[in-house]
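Enquirer: have a look at this prediction, sequence included:
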Amino acid sequence: MTETTLPLIRNDSPATYKRLMGICGVAGGLALGIGTALNRPVIAVVLYAVGLTAAVVIPYGTAGPLFDERDDAIHRRASGTTLALFGWLSALVYPSLVVLSGTKLFSWGPASAAVAWTTVVVYGTYAVALGYFRHTAG
């Protein structure tokens, strides 16, 4: 039986592949940001797609699994912390902006309205997903 691994990687540890995945993702994100700043949107998006595609394909070129239950637990904690942080920030900032919109200090522009609606959509999606998973778990 032949094991398939990426030929450019000599150290076949999961940590090496995870690092390479991270590097590809960061490089793709940097390419998108820099290409956008340099007004080269097509090149930016192509390099971004290449970086993310490489990051997604890397696990398929490994001999064994890269992620285990510990990694899943870490991702769940990070996701929960992120959602909680932005939830509390939204709970403080959004009402503050509503109050300020009643004064001459703040008015809802396209960017602030987009942030407000994005917050509503994110937490609406969370509520639907939470309800769905509670319903299907029991």
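Expert: Received it, and whenever you're ready, just let me know what you need. Residues are numbered from 1 along each chain as shown.
Enquirer: and the host helix or strand of residue 79, which residues are buried?
Expert: Using DSSP states H and E, residue 79 sits within helix 69-101. Judged by neighbour count (16 or more other C-beta atoms under 10 Å), helix 69-101 contains these buried residues: residue 90. Using the backbone N, CA and C atoms, a C-beta is placed for each residue, glycine as well.
Enquirer: what's the answer for stretch 28-39, then?
Expert: In stretch 28-39, counting by 16+ other C-beta under 10 Å, buried: 28, 31-32, 35.
Enquirer: and the residue nearest to the spatial centre of the chain, what is it in contact with?
Expert: Nearest to the mean C-alpha position of the chain, counting by C-alpha atoms, centre = their mean, stands residue 79 at 9.5 Å. Contacts for residue 79 (C-beta atoms under 8 Å, 6 or more residues apart in numbering) come out as none.
Enquirer: and it, how close does it get to residue 114?
Expert: Distance, residue 79 to residue 114, using C-beta to C-beta, to the nearest Å: 23 Å.
Enquirer: remind me which residues of the protein are low pLDDT?
Expert: Within the chain, the ranges that satisfy pLDDT under 70 run 1-11, 138.
Enquirer: that one: strands as residue ranges?
Expert: Using DSSP state E, no strands are found in the chain.
Enquirer: got the domain ranges for it?
Expert: The record assigns the chain these domain ranges, following automatic domain parsing: 14-61, 69-137.
Enquirer: count the residues that sit near the residue nearest to residue 59 when sequence neighbours are not counted.
Expert: Nearest in space to residue 59, with sequence neighbours left out and distances taken as C-beta to C-beta, 6 or more residues apart in numbering, is residue 66 at 5.1 Å. Using other C-beta atoms under 10 Å, residue 66 is surrounded by 15 other residues.
Enquirer: perfect, that will be all.
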